[in-house]
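Participant: Pasting a predicted model and its sequence here:
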Amino acid sequence: MAETITFFVDKLSNLAVQEASLFGGVEGQISLLRNELEWISLFLEEASATSNDGRRLKLWMNQIRDAAYDAEDVIDEFIVRLEHQRQRRLQNLKFLRVVLPTCVIFADKLPLIHELDGRMKEINVKIEKILANKSRYCVENAMMPSGAWSSSSPNEVVTWGEKRLPIVEEADVVGMKDEAEAVKEMLLINGELERGVVAIVGMGGLGKTTLAKKVYNDPDVNRHFQCRALVYVSQVYTIRELLMGIANKDFMTALKQEGETEDIRNMGENQLGKKVCEYLEKRRYLIVLDDVWSIQVWNRLCLHLPESNGSRVLITTRNEQIALDAYAKLYQLRPLGEEESWELFLKKTFPTGSRSTISQVECPAELEDVGKKITGKCKGLPLAIVVSGGLLSRKEKTPSSWEKILRSMEWHLSQGPESCMGILALSYRDLPYFLKSCFLYCGVFPEDCEIKASTLIRMWIAEGFVQARGEETVEEDVGEDYLEELIHRSMIQVVKRKWDGRVKSCRMHDLLRDLAISKAKDSKFFEVRGNIFAYPFNPRRLIAHDSQNISQHLSNCHRLRSLICSIHIPQVNFWSCLRSAKLLTVLDLTLTVDLGLTRPEKKLPKEIGEFIHLKYFRFLGPHQTRFPWSIGRLINLETLDLQDNFFLDIPFSIWKLHQLRHLYLGAYPILRMPICDQRCFSSHLGIDKMTNLQTLYVGRHGWVVRRGLPKLTQLRKLYIYGPNMRSDSSYELIFPSNLVELILDCCCLKQDPMLTLGKLPNLRALKLIDNAYIGEEITCSSGAFSQLEFLRLNGLTNLKELIVEERALPSLKTLQIYSCYQMEKLLHQLQKLKSLQQVKLEDMNHSLIREIKNTKGEEFDKIRLITSIT
C-alpha cells in the first residue's frame, strides 16, 4: 500500500519538473496533493510494519489508495487528451507544419487545464475527508507496532555488487540423500525393457520438485539415460507446450544432423508428437513431469512416448490417485524429521557461504531453544523452514527478536489449519514496503513458469516499483538487487544463473504464488481472470491467460494500467475494446491466431500509437505481422520486445523512440523505410539517436553496425543475427567501447573477428554461435581481451584451431566450446590461460577428447580437474 503512494509521489515530483508548462495553471493543487501524499506515505509505511490486519485500518488504507489512483488517472488522462489535441491540430494544419510549434497553444489548452483544476480540487477535498476519518474513527489506535517487522528503505537493500554470503541453494537441501537413492533405484532397475513410470507423491511445500531435480541431475542417472527432459506441467498446460519442453537442445541438434529443415515451433501437436516419438524410440530416455494435477496429462502425453528401451517417466504430484491411474511405482515423500528440520533451518538462518554440515553451522546457545520451537511450527515442511530461516537471517540474532517472530507465527497459525500458508504470510509481512509490490507482481506469471529475470525487472521498472538510488546507479541494477533480496529471503527460487553469477531465470513456488494472488486480490493490486469475469470489473492490472471472452470486458477497463494477455481464439473486437485503456503502461500480448488482424498483411491497428504512457511492450503474434507508423508515437516506451517473432514488418518510425533502453527486434525484421526519405539511416530517425539503449537484439542488418552502434554509449549487451554482416576490407566492424556482452549468431564472418573484438576495453562476455565465423582459425592476440571472463564458441563447423598468444585473455574464467567438430587440439592453448576456472566441452571431435584425457603431465592434470566433457 505504502509503495503505491510513494511511487505516485515520485511521479508527481517528476511531472512538476518535466512538464511545468503543462501544469502551470494547476500547480497549487498538484503541490497540495503531493504534500499530503508524502505524509500519508510515511504513515502507511509504518502501518505496513504492524502485525494488525484490523478492518478499520484496512478500509482507511484502501480509501487512500483509491484516491491516489484517481489522482494519477486524472493527470495521465489530461496528458493523453493534450497529446490527441496536438495531433489533431497538426493534421488539420499540415500546410503550416513548417512554422507551427509542436505544442498546443495556450488557448487550446485552457479548457483542459480548467477541467484538470476542478478535478484536482475534488480529489484534494476527498483526501481531506479521508484524513479526518483517521482521527474520527480512531484508526491510529488500530495500529499496534511490533519490532519484529521490517521498516527498511530502498537504499538499505544490499547491492548485488557487495559480497553477500550466498544463500542455500537447492543442492544444499538436507534429508534427501536416502530419498534420492530410493527414487534413483526405482528408475535404474535392470531388466525392465518396457517404459516404466515412477511417481513422487506428497503435499505442497514438501520438496517433491527439489527431490526430482536432485535425481534428474544425478551422474548415474545422466549416464544411464541417453536423453533426458524436465518439463513443468502445473494446472494450466497444453500437450503441445509439454512436447516442446521435451524437444530440448539435444533434440534440436539431432534433427539438424538428420537433415530436418522444418522449424518445430511451427508444428501442430500431432506433427510435433510424431517427431518427438521418432526421436525417443531410438534412445533410452527419462522424462520428468513435475507438478501434475490431472491424469489427463499422462493419458494424452503417453501416446507420444515409446514403450521400449527401458525408458522411464518420473511424475511429481500431490494426488496419489493420479499415480495409481498411471500405473506408477509410488514413492511417498515424508516430512523432514526433527534433526533434519533443524539442520536445514540452521543453513538458512546462518549461511556460511559453503556447503557446511550441521556440525559446522553453529547456533548461539541462547537462541537454540526458541529456534527449535520456530522449527517445530513448520511441521517438517522444507518450504516453510526455508522461508522462516530466510526471514530470521535478516533479523537481529537476539532472543527477544526471535521470540517476537515465534509469537507472530503462533498468531498466524491460530487463524486456520494451513500452517505453511501462515508462515509464508508472516514472511510476506516482513518484506520492506518497496519489495512487497515486486513480490506480488511475480504472481502475474503462469504457475510453474520459468521467469526471465530481465523481463521481470523491466516490468517492475515500467510499473514504477524500482527507483534509481542516485545519478550513478541505473534502475536495472537496483532491480537486480531487489530480486536478489527476494531470493535471499526464499520468496523466489533461482532456476539459472548467468556467466557472471547474476540471475538469468527464476520461479515462484506454487504456494507462494497462491499467497501473492491472494494478497493482490485483497489489495486490488491485480486481477487474474480465466473465462469468468465478475462485476464490477475495472481492474488496474489484468492477467488473462487463455481467456475466451476478454474483449467484451476490456471496454469497461478505463483504469487499466497493465495487461498481460494470452489469447488463443478469434476475438474480432479485441483492438477496438482495448482502445478504452488509454493509460496502459505495460502490455504483454500473445496472439496465436489472427484476433482481428486484417488479411493478407496482418496489420496492427494504427490506434496502438495512442498508448503514449506505454513503457513496456512485448508482442508475440502471427508471422509477417505489420506494425503501423504510429508506433513512433510511443514516446515513453522503454522496452520493446519482439524477439520471438519471425518476419515482422516494422516501420522506420521505430527510431523515434528515443527513450528505449531495451530493443529486441528478433532474427528476421523487415524494416520499412519511408518512400519520401531514403536518407533516414543518418537522419533523426536513425538508431544513432537512441542513446539510452542498454540492450539491442537485431538481425540481418549490417547497416546497424556500420552506421549507428558507435554512438550508443549506454549499450551493454548486443546480439546480432544474420549472414548480411560481413567483415572484409570494405566493411569494418565498429562497436561501442562500453559494450559488456556481445553475441554474434549466424553472421558467416569470413575474417577472424578477434582482432577487432579483442580491443574492446569493457567486454566481459563473448559468444560466437552457429557459424558466426566460417574461418578455420581464431587468434586471440597478445594483450587482447583484457577484461573478458566468459567465452563460448558454439557450432563453428569450420573451426580447426583456437590460438591463444601470450598475455591474451588474462581474465578468462570460463571457456565453453560446443559442436566445433573439426577442432582436434586445444590442451596446450588452455595452459596459457592462467585465470581459467571452468572448461566445458560438448559434442566435440574424438581426437580432441583423447588429447584432453590422455596427455601426461602435472600441468595437464590441473586442466582436467576443471574440464567437463559431454
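Facilitator: The structure has been received and is ready for your questions.

Participant: Which helix or strand lies directly C-terminal to the least confident helix or strand in the chain by mean pLDDT?
Facilitator: Across the helices and strands of the chain, mean pLDDT, DSSP states H and E gives its lowest value to helix 702-703, namely a mean of 50. Remark: after helix 702-703, the chain's next helix or strand is strand 717-721, criterion DSSP states H and E.

Participant: which strands and helices sit next to the helix or strand that that following strand is followed by?
Facilitator: Later in the chain than strand 717-721, the nearest helix or strand by DSSP H and E is strand 741-745. Counting contacts by 3 or more Cβ pairs under 8 Å, 6 or more residues apart in numbering; DSSP states H and E, strand 741-745 packs against strand 717-721, strand 765-769. (Each C-beta comes from the backbone N, C-alpha and C, glycine too.)

Participant: wait, doesn't residue 585 sit right on residue 612?
Facilitator: No: using Cβ atoms under 8 Å as the test, residue 585 is too far from residue 612 to be in contact (10.5 Å).

Participant: got any ranges where the stretch 251-400 of the chain has weak pLDDT?
Facilitator: Within the stretch 251-400 of the chain, the ranges that satisfy pLDDT under 70 run 252-263, 352-361.

Participant: Sketch out the strands for it, chain order is fine.
Facilitator: Under the criterion DSSP state E, counting those that start in this stretch, strands of the stretch 251-400 of the chain are mapped to 285-292, 312-317, 329-332.

Participant: can you list contacts of the shortest one?
Facilitator: Which is strand 329-332. 179, 182-183, 186, 196-202, 320, 323-324 (Cβ atoms under 8 Å, 6 or more residues apart in numbering).

Participant: can we see that at 7 Å?
Facilitator: Under the contact criterion Cβ atoms under 7 Å, 6 or more residues apart in numbering, strand 329-332 has outside partners 182-183, 186, 198-202, 323.

Participant: Residue 407: which of the residues you listed is nearest?
Facilitator: Here the nearest of the contacts of strand 329-332 to residue 407, counting by Cβ to Cβ, is residue 202; it sits at 29.7 Å.

Participant: contacting residues for the residue nearest to that closest one when sequence neighbours are not counted?
Facilitator: Closest residue in space to residue 202, ignoring its immediate chain neighbours: residue 333 at 3.6 Å, by Cβ to Cβ, 6 or more residues apart in numbering. Applying Cβ under 7 Å, 6+ apart, we find residue 333 in contact with 179, 200-202, 206-208, 211.

Participant: where's residue 333 relative to residue 320, distance?
Facilitator: When distance is defined by Cβ to Cβ, to the nearest Å, residue 333 is 11 Å away from residue 320.

Participant: now residue 821
Facilitator: 48 Å.

Participant: Check residue 309 too.
Facilitator: To residue 320, residue 309 is 28 Å away according to Cβ to Cβ.

Participant: which of those two has more neighbours?
Facilitator: Counted by other Cβ atoms under 10 Å, residue 309 and residue 320 do not tie: residue 309 has more neighbours, with 17 against 14.

Participant: Output stretch 29-36 as PDB, restricted to C-alpha atoms.
Facilitator: Presented in PDB, the C-alpha positions along stretch 29-36 are these (Å, rounded to 0.1, in the frame of the first residue of the first chain):
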ATOM      1  CA  GLN A  29      -3.500  21.900  -6.400                       C
ATOM      2  CA  ILE A  30      -0.800  19.400  -7.500                       C
ATOM      3  CA  SER A  31       1.600  20.800  -4.900                       C
ATOM      4  CA  LEU A  32      -1.100  20.400  -2.200                       C
ATOM      5  CA  LEU A  33      -1.700  16.900  -3.300                       C
ATOM      6  CA  ARG A  34       1.900  16.000  -3.300                       C
ATOM      7  CA  ASN A  35       2.500  17.300   0.200                       C
ATOM      8  CA  GLU A  36      -0.500  15.400   1.600                       C
END
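
Participant: so residue 469 sits right up against residue 478, yeah?
Facilitator: Yes: with contacts defined as Cβ atoms under 7 Å, residue 469 counts as touching residue 478 at a distance of 6.0 Å.

Participant: Overlap in contacts, those two.
Facilitator: Counting by Cβ under 7 Å, 6+ apart, residue 469 and residue 478 have no shared contacts at all.

Participant: the more surrounded of these two?
Facilitator: residue 478 (25 against 16).

Participant: element containing the more buried one, please.
Facilitator: Residue 478 belongs to helix 475-488 when assigned by DSSP H and E.

Participant: Show the average pLDDT along that helix.
Facilitator: Mean pLDDT, helix 475-488: 91.

Participant: on that earlier part again, could you pick out the buried ones from the contacts of strand 329-332?
Facilitator: Buried residues within the contacts of strand 329-332, counting neighbours by 16 or more other Cβ atoms under 10 Å: 183, 186, 198-202, 323.

Participant: quick check: mean pLDDT across the longest helix that the chain contains?
Facilitator: Across the chain, the longest stretch assigned as helix under DSSP state H is helix 55-92. Averaged over helix 55-92, pLDDT sits at 78.

Participant: how about it: buried residues?
Facilitator: Result for helix 55-92 [16+ other Cβ under 10 Å]: buried residues 56-58, 60-61, 63-65, 67-83, 86-87, 89.

Participant: likewise stretch 292-309?
Facilitator: Buried residues in stretch 292-309, counting neighbours by 16+ other Cβ under 10 Å, are found at 292-293, 295, 297-298, 301, 304-306, 309.

Participant: repeat for stretch 320-331
Facilitator: By neighbour count on 16+ other Cβ under 10 Å, the buried set for stretch 320-331 is 322-323, 326, 328, 331.

Participant: any residues in contact with both of residue 333 and residue 320?
Facilitator: In contact with both residue 333 and residue 320: residue 201, using Cβ under 7 Å, 6+ apart.

Participant: Which one among the contacts of strand 329-332 sits at the bottom for pLDDT?
Facilitator: Scoring those by pLDDT puts residue 202 last, at 85.

Participant: Go through the buried residues of stretch 292-309 and name the one nearest residue 843.
Facilitator: Closest to residue 843, out of all of these and judged by Cβ to Cβ, is residue 309, at 21.7 Å.

Participant: Tally up the residues packed near residue 443, please.
Facilitator: Neighbour count of residue 443, defined by other Cβ under 10 Å: 22.

Participant: Leaving out sequence neighbours, find the closest residue to it.
Facilitator: Nearest residue to residue 443, sequence neighbours excluded (Cβ to Cβ, 6+ apart): residue 516, at 3.2 Å.

Participant: I'd assumed the one you found was in a helix, is it?
Facilitator: Yes: assessed by DSSP: H, G, I helix; E, B strand; the rest coil, residue 516 belongs to a helix.

Participant: Residue 836 touches residue 812, doesn't it?
Facilitator: Yes: here residue 836 reaches residue 812: they are 5.9 Å apart, a contact under Cβ under 7 Å.

Participant: more crowded one of these two?
Facilitator: The neighbour count for residue 836 versus residue 812, taken as other Cβ under 10 Å, is higher for residue 812 (23 against 19).

Participant: thinking again about what came up before, contacts only, for the residue nearest to residue 443.
Facilitator: Residues near residue 516 by Cβ under 7 Å, 6+ apart: 439-440, 442-443.

Participant: which one of those residues sits closest to residue 749?
Facilitator: So of these, ranked by how close each gets to residue 749 (Cβ to Cβ), first place is residue 442, at 40.4 Å.

Participant: so how many other residues sit close to the residue lying closest to the closest one once chain neighbours are set aside?
Facilitator: Leaving aside its sequence neighbours, residue 442 sits nearest to residue 508 (Cβ to Cβ, 6+ apart; 4.9 Å). Residues near residue 508, counting by other Cβ under 10 Å, number 22.

Participant: Good, we can wrap up now.
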